[in-house]
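> Quick one, what's the 3D model for this:
(chains A, B, C and D)
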Number of protein chains: 4
Amino acid sequence: MSTPTIYSTQIRVRYSETDQMGVVYHANYLNWFEVGRTEFFRQAGFRYRDLEKKGILLPVAEANVSFKQPALYDDLVDIRTWIADITPVRLTYAYEVYRVADEQLLVFGRTMHVFTNAALKPIRLSRLEPEIYAWLEAQSSTQNRHDEGSE
Amino acid sequence: MSTPTIYSTQIRVRYSETDQMGVVYHANYLNWFEVGRTEFFRQAGFRYRDLEKKGILLPVAEANVSFKQPALYDDLVDIRTWIADITPVRLTYAYEVYRVADEQLLVFGRTMHVFTNAALKPIRLSRLEPEIYAWLEAQSSTQNRHDEGSE
Amino acid sequence: MSTPTIYSTQIRVRYSETDQMGVVYHANYLNWFEVGRTEFFRQAGFRYRDLEKKGILLPVAEANVSFKQPALYDDLVDIRTWIADITPVRLTYAYEVYRVADEQLLVFGRTMHVFTNAALKPIRLSRLEPEIYAWLEAQSSTQNRHDEGSE
Amino acid sequence: MSTPTIYSTQIRVRYSETDQMGVVYHANYLNWFEVGRTEFFRQAGFRYRDLEKKGILLPVAEANVSFKQPALYDDLVDIRTWIADITPVRLTYAYEVYRVADEQLLVFGRTMHVFTNAALKPIRLSRLEPEIYAWLEAQSSTQNRHDEGSE
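This next block holds a predicted model:
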């Protein structure tokens, strides 16, 4: 069985991201997921900023995060990002965040996005930008699973 | 049937909370949920800062958020917070965020917290602070549902 | 001698605003200054969001902040905001942040803003919006100092 | 005349750092300055996190920032950091932030820090940690200027 393409990017934890518990404040992991999405696009040969210039936005409709171990100031962390699901109207990313030093899984989660125009009205990406849609689908396991079914 | 006590607090959306989509950046709603928890404690006659001084922390273990409509800069929003579930080792809050001007539901979600000591090791709140635990339980619908069952 | 009109607004320190030193992370005071500017406009009978809808922006060109005492999580703080200087092309705000509980001055500073259009190109507010300019001038001590001169 | 050692580090602008003007929200540059300080220490062979573990903190006492051109989402920016001044009780960093693509200077500024213990009480670094103090002084132009005076 085939699997989605996983993209990886590393960032260093900032002091501003800590809170008085001495660990990274939980909301910052959503910022890191966004870094993961940006680098997902770039590493796959595309820039999310160019998608926005075409008037296509991907606002977040749902987010689910599990916090296993806290990241600490100055930790180098690895954000792994892949497409968990895609349909003509929505895209779901999955993420895992690891601390590089000990390969500990810190956080994992998903964000579900809808394709919208600049006025935040839903659109069908497959109709407006069929090539981009096909490319995103190819990054996911969706098409692969379909292929399996036809065997 | 009885329901949990819902606490409400209002905040004004800050410019710093917007992003280049022209709406509130999604991670900020988790900050607002935290404001909701702080005011939940205060309005119920207790301060979360005092709980931390006793060496008891409530780090977030899971967060689930649904984004229905975006909040905008300068909107007055109402954060409604209640306890959805409580056990001796964990506490789950639920939230709804409304725009005050049009009573539109913008965002809802849940955060699950574990009770820990200052070293972030899990504790049983019911054993360490039975009075606080009883008070939290009374704020939730858990006990009430139990009562129902015995009728 | 006459003085500028000082507007005051109170906010509660959020957990997300603390860092691992156990105090408010310094960059957040700039966010609070922005809250002060927003409330300055509102209390004076005008909304900054309406100024932006007219296509007039006030990006920050300079910021100077002195940190005297740290604010703590859950502190109620009072942000005092006034116009320190205004010319047809720029506006300088001054701020003082006090902890309400002990009236301790925590932070003070200034931000200098230029008037721009939506493309961030400088404009002369006195020409484009003479009434708003006159109103801002009246909030500052500038006009008052002129009056003094005529006595 | 000799000059301080300048350390450079590059970061990618995050979506969460933008605001509804479509550019980076100004307070975020202070976060970037902090990234510059962290990398200053690391590149010079020392970790700021280790300094904190010794109970020595460098809270910010003053910050001065000039915003020349806005950074945009997805820009790669170069943060240059050096010591502008050091005394036994305080340390002043200077920064310049450039956009890598066009080598445009975006922002420059300074932050002045006091050496404190973990309770945020001022200390003399030269007395407590003479080796670290000597190292920091060597990174700055201070000692060099003293050398000049003896010529």
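> Give me the average confidence score over the longest helix seen in chain A.
In chain A, assigned by DSSP state H, the helix with the most residues is helix A:28-43. Helix A:28-43 shows a mean pLDDT of 97.
> ok, and what's touching whichever helix or strand comes after that helix?
Proceeding N to C from helix A:28-43, the next assigned helix or strand is helix A:48-53, under DSSP states H and E. With contact meaning C-beta atoms under 8 Å, 6 or more residues apart in numbering or on different chains, helix A:48-53 is reached by A:37, A:38, A:41, A:42, A:57, A:58, A:132, D:73, D:74. Placement of C-beta: from N, CA and C, glycine included.
> Show me what the mean pLDDT comes to for helix A:48-53.
Mean predicted lDDT for helix A:48-53 stands at 94.
> How about stretch A:99-110?
98.
> Restricting to C-alpha, output that stretch in PDB.
C-alpha atoms of stretch A:99-110 as PDB (Å, rounded to 0.1, in the frame of the first residue of the first chain):
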ATOM      1  CA  ARG A  99      12.700  17.000  19.200                       C
ATOM      2  CA  VAL A 100      15.800  16.400  17.200                       C
ATOM      3  CA  ALA A 101      18.100  15.800  20.100                       C
ATOM      4  CA  ASP A 102      16.300  12.700  21.500                       C
ATOM      5  CA  GLU A 103      13.900  11.900  18.600                       C
ATOM      6  CA  GLN A 104      11.000  12.300  21.100                       C
ATOM      7  CA  LEU A 105       7.600  12.800  19.600                       C
ATOM      8  CA  LEU A 106       6.300  16.000  21.200                       C
ATOM      9  CA  VAL A 107       3.000  16.900  19.500                       C
ATOM     10  CA  PHE A 108       0.900  15.600  16.700                       C
ATOM     11  CA  GLY A 109      -2.300  16.800  15.100                       C
ATOM     12  CA  ARG A 110      -4.400  17.700  12.100                       C
END
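> Would you mark the buried spots in that stretch?
For stretch A:99-110, burial by neighbour count (16 or more other C-beta atoms under 10 Å in any protein chain shown) applies to A:99, A:106, A:107, A:108, A:109, A:110.
> Kindly identify which of those also come near chain D.
With C-beta under 8 Å from any C-beta of the partner chain as the criterion, the buried residues of stretch A:99-110 include none near chain D.
> Need the max-distance pair from those.
Using C-beta to C-beta, the two most remote members of those are A:99 and A:110, lying 20.4 Å apart.
> Residue A:108: which element?
Going by DSSP H and E, residue A:108 is in strand A:105-114.
> Could you do residue A:3 as well?
Applying DSSP H and E, one finds residue A:3 in no helix or strand.
> Relative to residue A:83, how far out is it?
Residue A:3 is 11 Å from residue A:83, where distance means C-beta to C-beta, to the nearest Å.
> Give me the more crowded residue out of these two.
Comparing residue A:3 with residue A:83 by other C-beta atoms under 10 Å in any protein chain shown, the one with more neighbours is residue A:83, at 23 against 10.
> What's the separation between the nearest residue to the more buried one once chain neighbours are set aside and residue A:65?
When the adjacent residues along the chain are set aside, residue A:83 lies closest to residue A:140, with 3.7 Å between them (C-beta to C-beta, 6 or more residues apart in numbering or on different chains). Applying C-beta to C-beta, the value for residue A:140 to residue A:65 is 21 Å.
> from the middle of its chain, how far away would the helix or strand hosting residue A:131 be?
Residue A:131 is part of helix A:130-139, with elements assigned from DSSP H and E. Counting by C-alpha atoms, centre = their mean, to the nearest Å, helix A:130-139 is centred 15 Å from the centre of its parent chain.
> May I have the phi/psi pair for the residue nearest to residue A:18 when sequence neighbours are not counted?
Once flanking residues are discounted, residue A:18 sits nearest to residue C:20: 4.0 Å by C-beta to C-beta, 6+ apart. Here is the backbone geometry of residue C:20 (degrees, to the nearest 10): phi -70, psi 0.
> next one: residue A:63
The phi/psi pair for residue A:63 (degrees, to the nearest 10) is phi -140, psi 140.
> ok, now which ones touch it?
Contacts of residue A:63 (C-beta under 8 Å, 6+ apart): A:30, A:33, A:109, A:110, A:111, A:112, B:26, B:63, B:64, B:65, B:67.
> wait, which of those residues is closest to chain C?
Nearest to chain C among the contacts of residue A:63, counting by C-beta to the nearest C-beta, is residue A:30 at 11.9 Å.
> any idea how far residue C:42 is from that closest one?
Counting by C-beta to C-beta - residue A:30 and residue C:42 are separated by 30 Å.
> which of these two has more neighbours?
Remark: of residue A:30 and residue C:42, residue A:30 carries more neighbours, 24 against 16, as counted by other C-beta under 10 Å.
> which ones are touching the more buried one?
Contacts of residue A:30 (C-beta under 8 Å, 6+ apart): A:63, A:65, A:111, B:26, B:27, B:30, D:16.
> Next one: it from residue D:46, what distance?
Counting by C-beta to C-beta - residue A:30 and residue D:46 are separated by 32 Å.
> What parts of chain A come near chain B?
Going by C-beta under 8 Å from any C-beta, the residues of chain A near chain B are A:20-21, A:23, A:26-28, A:30-31, A:34, A:57, A:59-67, A:70, A:120.
> Among the residues you listed, name the buried ones.
Here, 16+ other C-beta under 10 Å leaves A:20-21, A:23, A:26-28, A:30-31, A:34, A:57, A:59-67, A:70 buried among the residues of chain A next to chain B.
> Chain neighbours aside, what residue packs nearest to residue A:93?
residue A:111 (5.3 Å).
> my guess is the one you found contacts residue A:40, does it?
No: using C-beta atoms under 8 Å, residue A:111 makes no contact with residue A:40, being 11.7 Å away.
> Need the overlap of contacts for those two.
residue A:93.
> follow-up on the earlier one: among the contacts of helix A:48-53, which two are most distant?
A:132 and D:73 (18.7 Å).
> Of the two, give the one with the bigger neighbour count.
residue D:73 (20 against 17).
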